[in-house]
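A.B. asks: following is a predicted model, sequence given first.
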Amino acid sequence: MPLESKLTSDHYPDVVEQPGGTYNDPGFGIKELSPGTTPTIDIVAIHGLDGDREKSWTADNEKLWLRDFLPQAIPAARILSYGYDAYTDSSLISLARLHMSREADDTKKRPIIFIAHSLGGIILKSAAK
């Protein structure tokens with residue numbers, strides 16, 4: 001089953017828009033790191049076990065490569081990072097929010113690339129079943 005058909009508000013009726021993420025925690029949910037220049041593709045980074053949606057992709061020099069370097073390499077990409085509680089099954093709810101936000105702003109036809117590390121890959125695989 002395609003990711004888009006699984007992650008709908010019908011499957012997760014309790015998904016609501018809250019500042020900072022599903023659980024009102026600024027580390028959870030989808031965060032746009034770069035809106036892109038007339039985006040034609042979405043890139044979503046999913047951290048691994050004990051990770052963080054920003055710190056996992058940040059070097060010791062405080063450069064967040066998803067925000068500080070990737071937009072220059074792929075200017076037509078909207079870049080998002082997904083944060084989740086690695087110890088619960090709440091992750092599919094926030095991925096459902098991604099799907100609904102793509103429907104709301106009419107970008108669901110745009111290709112999407114996921115960058116997933118460790119447990120993030122397992123979460124993505126579960127969401128895509």
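C.D. replies: The structure has been received and is ready for your questions. Numbering: from 1, shown residues only.
A.B. asks: can you give me the helices in this protein?
C.D. replies: 3-6, 65-68, 70-73, 91-104, 119-128 (DSSP state H).
A.B. asks: going by mean pLDDT, which of these comes out lowest?
C.D. replies: Between the helices of the chain, the lowest average pLDDT goes to helix 3-6, which shows a mean of 37.
A.B. asks: what about Lys109, how many neighbours?
C.D. replies: A count of nearby residues for Lys109, using other CB atoms under 10 Å, gives 6. To be clear about C-beta, it is placed using only N, CA and C from the backbone, and glycine gets the same treatment.
A.B. asks: which residues touch it?
C.D. replies: For Lys109, the contact set (CB atoms under 8 Å, 6 or more residues apart in numbering) is empty.
A.B. asks: gap between it and Thr40?
C.D. replies: 10 Å (CB to CB, to the nearest Å).
A.B. asks: do Ala116 as well
C.D. replies: Taking CB to CB, one finds Ala116 at 21 Å from Thr40.
A.B. asks: same question, Arg102
C.D. replies: 13 Å.
A.B. asks: and if you look at Leu66?
C.D. replies: Taking CB to CB, one finds Leu66 at 18 Å from Thr40.
A.B. asks: of the two, who's got more company?
C.D. replies: Comparing Leu66 with Thr40 by other CB under 10 Å, the one with more neighbours is Leu66, at 23 against 14.
A.B. asks: that'll do, ta.
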